[in-house]
Each structure stands twice: as structure tokens, then as C-alpha cells.
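*Asks:* I'll drop the sequence and a predicted model, then ask my questions.
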Amino acid sequence: MARLKAFQGVVQQNADIADTVVVYIEEAHPSDGWVSTDAPYQIPKHRCLEDRLNAAQLMHLEVPGCPVVVDSMDNSSNAAYGAYFDRLYILQEGKIVYQGSRGPEGYRIAELRDWLDQYRETLGKSNNLVINV
């Protein structure tokens, strides 16, 4: 939960220079699989897209104001970005300009914040370029 709050803070602080989207992928710790003792929700393994969409609604509650999209059941986004369990990316003009390490150990909000702070400095007076986080 602390990571989500930190993420939400970065989203809010940088809303003027960055568009943010959360991609909900397969559940890392399903309640009927590899269970985590500190999981805030009991979410079973997704057996269909409707299951995944329902679980993503919980994620949307945790990051209000941030669009949440859902990976396909063949996990194509997860495979393309190596996101399992979680991972932070910054895309600029369709290219990856920041790739965090794999979470949970590599999930470093401070790195993301530092990158965005440096980017903000380079903008100077020109505020016409928006990036996707």
C-alpha cells in the first residue's frame, strides 16, 4: 500500500508534464495460488478477461485519477515489457526512456521521481512536451 501511495504522489506532482496509466497484468499472488500474507485483497487467479477487469477495478480505487487498463489474457503487455510482478516505465514519443527494475525489489519510486525532476528542469520555460508514465 505504501508503494501505491508513493506512486500516487508522483502522479499528482507531475500531472502537468506526464500522462500516467497503470497496466493491470496477471495477479502476482492469487488467493488460490502463490498467496502473499500481506496482500491487501484476496484475488483468485484470473480465468477470463472479466475476472481481470473486476480485479483491475480494485487497482483503480488505489490510484484515483489514473487510468487503469488491463492486459490481455495472453499477457502480451506483460511479456513485451517484462513487467511481472510490477515495473515502472517512462515512454517518450513511443520510446522507452526509463525502465525500472522488476518489482517488488526493483520498484523504486525515488528513481522515477528523480527522472521526472530532471526532465522538468530540462523543460525550462517550454511546457509543450508531454510524456507517458
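*Replies:* Yes, it's here. Numbering: from 1, shown residues only.

*Asks:* if I look at S101, how far off is A15?
*Replies:* 25 Å (C-beta to C-beta, to the nearest Å). Any C-beta I mention is one placed from the backbone N, CA and C, and that applies to glycine too.

*Asks:* Pairing partners for the residue nearest the centre of the chain in the sheet, please.
*Replies:* In the chain, the residue lying closest to the centroid (C-alpha atoms, centre = their mean) is V22, at 4.1 Å. For V22, the beta-bridge partners under DSSP bridges are V68.

*Asks:* how close does it get to A15?
*Replies:* 14 Å.

*Asks:* again with F85
*Replies:* 26 Å.

*Asks:* who has more neighbours, the two?
*Replies:* F85 (17 against 12; other C-beta atoms under 10 Å).

*Asks:* For that one, give me phi and psi.
*Replies:* phi -80, psi -50 (degrees, to the nearest 10).

*Asks:* Give me the phi and psi for D74.
*Replies:* Torsion angles, degrees, to the nearest 10, at D74: phi -90, psi 10.

*Asks:* and the residue nearest to the centre of the chain, what pLDDT?
*Replies:* On the pLDDT scale, V22 is placed at 89.
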